[in-house]
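**Student:** got a sequence here, can you build the structure:
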Amino acid sequence: MLKRKRMLMLISILLIVSMIAACGTTDDNGVEENGLDENGEAEAPEEEETVMDTEVLVVGGGGAGLAAAIEAAEEGASVILVEKLSILGGSTLLSGGILHAAESPVQERAGIEEPWEDFAEYWMEMSEGDADEEMVNYIAQNSGENIAWLEEKGVVFGEDLTAEGISPAKRGHHAEDGGFGLIRPLEEVARDLGVEIILNTTVTDLILDDDGAVIGAEGENSDGETLTFNAKAVVLATGGFSQSPEMIDEYAPVASGQFCYAASGNVGDGLRMAREAGADIVAKDGVIGFRGVSPDRSYRDPLGGLVFYPNLYVDESGQRFMNEANYYALMYEDMVENESDKFYSIFSGEVPAEALEEGIEDGYVFKAESFEELAEAMGVPVDDFLETVERFNELAEIGEDEDYGNPAIATIEEGELYALTVLPATLGSFGGPRVNMQGEVLDPDGNPIKGLYAAGEVANGQLYKSVYPASGTSITAVFVLARDAGREAAMATK
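**Tutor:** This next block holds a predicted model:
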């Protein structure tokens, strides 16, 4: 009997112990340690955090970021490059791979002699004098050497040079394979130099010490892991802000509501972080103006590419308003000044029918057999459109566009008529932190923010007013100034 009582007592004790274990224990403060807080609610799991040390941290992996990382590494610094997307390249990768340059080895091989001063003068004229002349001169003076540097790094340029913008000078240098032909060789060089490249990671905040100097940055990767980067210098190369409607409204309202062909990551991260660190922001309500059919139609696909045809363009009133063969940035200016919500490019005669028919299915193209029917399909005033077509054909017959100067003006004939919807769009933004010639970010008093550098589209506000000078000027500026920023950042760590 006694043995049985002892056995029952032992079982009871074991049950109590197991219940206590199931209910959890408490620490010295009486807080349960079973995953519940003192209120009985589930505790949030501790965030994973990785801390990495480097001398130079480059934020952004487009053309500017790679150029800065390469120069910093060649200067002997340890470099980490962080890119928010899953691939490198940014807007440079999406570009046509054109660089505007003077006194380059490609021009020399082609027998073209043109002083860099002419390039700089053209750039300043396109900015109406409202650009940092010292910086523009520096870019132009080093643009040819920049082409040589890229060739040295493995970029291959075609030997056919083109005139870009409204200048007849052949300064357009075309990288083979476009933007890919620029990014791929530079990525290989950066990796060979030991640059640590981290993808799928968004840098969210700069780390400042008590004196306001930048000593690193924090970010988060696609797995939700927090990363802290301790660095002696940080180079912002995050691209522009053209994919941020809020920043467009604030810094470039001329493009409010328009779509953009820039990289999806261009949401103004660098501008925001620089601003929070005390940077002076330069923005003049300008963008790299362009045009397109819709956000889902690249200007490189068959339908999107039709915007380049120098056909008659009419606005929502059915009237003509510009030179349809003009430089795209100036056409954008004309479209914005016109203030119509959309425009139409008129096709007749021998046309790219397959692409246009596809556009009909998608709602971007209207088709008719007569001018009256086409005007009704577009929803423009019929009489005004008929008058516009009559005047356009009159100019085409005499062979001179006396109204707007379109050198490719040609008669529009009834039969199979198409109207392609065209909208103002952008390729990039103007505006960002003010920098000096060393790439240092400046505060409103003109003093450098210690440890902070910026280059590329994130810091291009000093280079333009409202009109983009020519295809290739942006990428030229990106490489020239980013190389210097990376080199200066590396030297500052020694």
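
**Student:** surely Glu324 meets Pro407?
**Tutor:** No - with contact defined as CB atoms under 8 Å, Glu324 does not reach Pro407; the gap is 10.1 Å. The way it works is simple: take the backbone N, C-alpha and C, and place the C-beta from them, glycine included.

**Student:** which one's more surrounded, those two?
**Tutor:** Between Glu324 and Pro407, counted using other CB atoms under 10 Å, the more crowded position is Glu324 (23 against 11).

**Student:** who's in contact with that one?
**Tutor:** Listed by CB atoms under 8 Å, 6 or more residues apart in numbering, the contact set of Glu324 reads Pro310, Asn311, Leu312, Tyr313, Met331, Ser345, Tyr404, Asn406, Ala408.

**Student:** helices of the stretch 301-450 of the chain, start to end?
**Tutor:** Listed in chain order, the helices of the stretch 301-450 of the chain (DSSP state H, counting those that start in this stretch) span 328-338, 353-362, 371-378, 382-398.

**Student:** of all these, which one comes closest to Val59?
**Tutor:** With CB to CB, the closest approach to Val59 among the helices of the stretch 301-450 of the chain belongs to helix 328-338: 28.5 Å.

**Student:** tell me which residues of the closest one are tucked away?
**Tutor:** Tyr328, Ala329, Leu330, Met331, Tyr332, Glu333, Asp334, Met335, Val336, Asn338 (16 or more other CB atoms under 10 Å).

**Student:** give me the contacts around that helix.
**Tutor:** Contacts of helix 328-338 (CB under 8 Å, 6+ apart): 165-166, 254, 288-291, 315, 321-324, 326, 343, 424-426, 466-469.

**Student:** which of those fall in strands?
**Tutor:** Ile288, Gly289, Phe290, Arg291, Phe343, Pro424, Ala425, Thr426 (DSSP state E).

**Student:** the fifth one against Leu420, yeah?
**Tutor:** So the one you mean is Phe343. No - the pair Phe343 and Leu420 does not pass the contact test of CB under 8 Å, sitting 9.2 Å apart.

**Student:** what's the spacing between stretch 146-155 and its chain's center?
**Tutor:** 22 Å (CA atoms, centre = their mean, to the nearest Å).

**Student:** before we move on, back to that, closest to Val267 out of the ones in strands among the contacts of helix 328-338?
**Tutor:** After measuring the ones in strands among the contacts of helix 328-338 against Val267 - CB to CB - the closest member comes out as Thr426, at 13.7 Å.

**Student:** so what pLDDT did the closest one get?
**Tutor:** pLDDT for Thr426: 97.

**Student:** hey, what's it bridged with?
**Tutor:** Cys260, Gly289 (DSSP bridges).

**Student:** how close does it get to Val480?
**Tutor:** 23 Å (CB to CB, to the nearest Å).

**Student:** neighbour-wise, which of these two wins?
**Tutor:** Per other CB under 10 Å, whichever of Thr426 and Val480 has more neighbours is Thr426, with 27 against 24.

**Student:** these two touch, right, Glu187 and Thr92?
**Tutor:** No - the pair Glu187 / Thr92 is not scored as a contact, 11.2 Å apart, by CB under 8 Å.

**Student:** comparing those two, which shows the higher neighbour count?
**Tutor:** More crowded of Glu187 and Thr92, by other CB under 10 Å: Thr92, with 30 against 20.

**Student:** helix, strand, or coil at Leu271?
**Tutor:** helix (DSSP: H, G, I helix; E, B strand; the rest coil).

**Student:** can you name the residues bridging to the nearest residue to it once chain neighbours are set aside?
**Tutor:** Nearest non-adjacent residue to Leu271, counting by CB to CB, 6 or more residues apart in numbering: Gly432, 5.0 Å away. Taking DSSP bridges as the rule, Gly432 bridges to Val282.

**Student:** give me the below-cutoff pLDDT ranges for the chain.
**Tutor:** Residues of the chain meeting the criterion pLDDT under 70: 1-48.

**Student:** tell me the phi and psi of Gly219?
**Tutor:** phi -160, psi -180 (degrees, to the nearest 10).

**Student:** 168 is where my numbering starts, stick with that
**Tutor:** Sure, I'll start numbering at 168, so the last one becomes Gly386.

**Student:** tell me, how many residues neighbour it?
**Tutor:** 21.

**Student:** contact partners for it?
**Tutor:** Val249, Thr368, Thr369, Val370, Thr371, Asp372, Thr393, Leu394, Phe396.
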